[in-house]
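S.K.: Just need the structure, nothing else, for what follows:
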Amino acid sequence: MNGCAVKSSLAKGRMFQVYLAKLAFRAGVFLLVLWAYFRAPEYFDIIVTEKIEIDWIMSGRPLEELYAYLEGINHIWVYVVWGLIMIEMILAMLPDSKYLTMGSKKEFPDYYVPVEDCDELGLYRYVQKNNYAAIWVLIVWMCFNAVFGALYVLDVIAEKELLLLSVFFYLADLICVVVWCPFQSFFLKNKCCVNCRIFNWGHFMMCTPMLFIRNFFTWSLFFTSLIVMLRWELTLLKHPERFWEGSNATLKCANCQDKICKLKGPKFVEKK
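M.R.: Reported below is the predicted structural model:
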C-alpha cells in the first residue's frame, strides 16, 4: 500500500482554490462585521448577557424596555454567522468532508498509510518536540486572550469588541493557512499546514473571545470548538503515527493532493 491509495476528494491542486475562496469569503464576513461595528452598532446589542441586563437595570430602565428595543433589530445575521461556524466545526469531525485539507483529515484512519520501516525513535522525538511547542502556543494564546477578557470585565471593552475580535480570528485562521502563520514560524517550525500539529485548533482559537460572553450563541460555539480540539488531541494521544510524515505516507510532499502551500511554500524542511 502506498500514498496513491489514499482517498482523494478533489483533483490535485483544487484544494488551494477552495481555500482561496474560503479566505475571500471570510474577508467579506470580517469587512461586513467591521462595517456594522462602526456604522450599525445596534446589531451587536442583540447579544444579550446577564451583564447587559444588570447594567440596564442599574441605569434605572426596566428590562421590558430593553426587550422591546431588541425586537426592532433584525436577528437573521446572528443565526447565519452562528450556523456557518457551527457547520464548519461539525464538518471538521467528519472524515468524508471533501472540502477539508489533509491537515484536518489526517486524524482519521482512512487517511493513514503506514511508512515501511518507520523510525519509532523519530516518531517519539517528533511527538515530544511538537507537544512541547503546542503547550507554548496554548499558553501564549490564552494569555493573549486573557488581556481582552480582563478589559471586558473592567468595562474597558464590551461584547461587540469581543465579537469583532472573534471574527478577525475567523479571518486570520485562513490567513495562517494560505499566506503566513506566526505559529509555524515562531513555535512549531512545521514544514506545512498538512503536517501542522495544531491544525484543528483553529476553531477553538477563533472562538476563544466568546468564552467571556455568557450567551447561548457564543458559548455553544466555544464549547463545540473545544470538543473539536479535544477530539483532535485524544486522537493524537492514541495514534501519533497518523500525524507525522515519517510514519504516515499520506503527509509526504510526493503524495500531497492539496497543494495549499503554493503561496507560503514548504518551510523548515529537514536536511537529509
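S.K.: if I look at residue 195, how far off is residue 256?
M.R.: The gap separating residue 195 from residue 256 is 10 Å, by CB to CB, to the nearest Å. All C-beta spots, glycine's among them, are computed from the backbone N, C-alpha and C.
S.K.: ok, now residue 55?
M.R.: Separation of residue 55 from residue 256 (CB to CB): 52 Å.
S.K.: for residue 238, same thing?
M.R.: Residue 238 is 25 Å from residue 256, by CB to CB.
S.K.: Looking at residue 195 and residue 256, which has the bigger crowd around it?
M.R.: Ranked by neighbour count (other CB atoms under 10 Å), residue 195 and residue 256 place residue 195 first, with 27 against 22.
S.K.: Could the C-alpha coordinates of the helix or strand residue 164 falls within be exported in CSV?
M.R.: Using DSSP states H and E, residue 164 maps to helix 159-178. This file holds the C-alpha atoms of helix 159-178, laid out as CSV (Å, rounded to 0.1, in the frame of the first residue of the first chain):
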residue,chain,number,x,y,z
GLU,A,159,-19.4,42.4,23.8
LYS,A,160,-19.1,44.0,20.4
GLU,A,161,-15.4,44.3,20.7
LEU,A,162,-15.0,40.6,21.7
LEU,A,163,-17.2,39.6,18.8
LEU,A,164,-15.2,41.7,16.4
LEU,A,165,-12.1,40.1,17.7
SER,A,166,-13.5,36.6,17.1
VAL,A,167,-14.5,37.5,13.5
PHE,A,168,-10.9,38.8,13.0
PHE,A,169,-9.6,35.5,14.3
TYR,A,170,-12.0,33.8,11.9
LEU,A,171,-10.3,35.5,9.0
ALA,A,172,-6.8,35.2,10.5
ASP,A,173,-7.2,31.4,10.7
LEU,A,174,-7.2,31.1,6.9
ILE,A,175,-4.5,33.8,6.5
CYS,A,176,-2.3,31.4,8.6
VAL,A,177,-3.2,28.5,6.2
VAL,A,178,-2.8,30.4,2.9
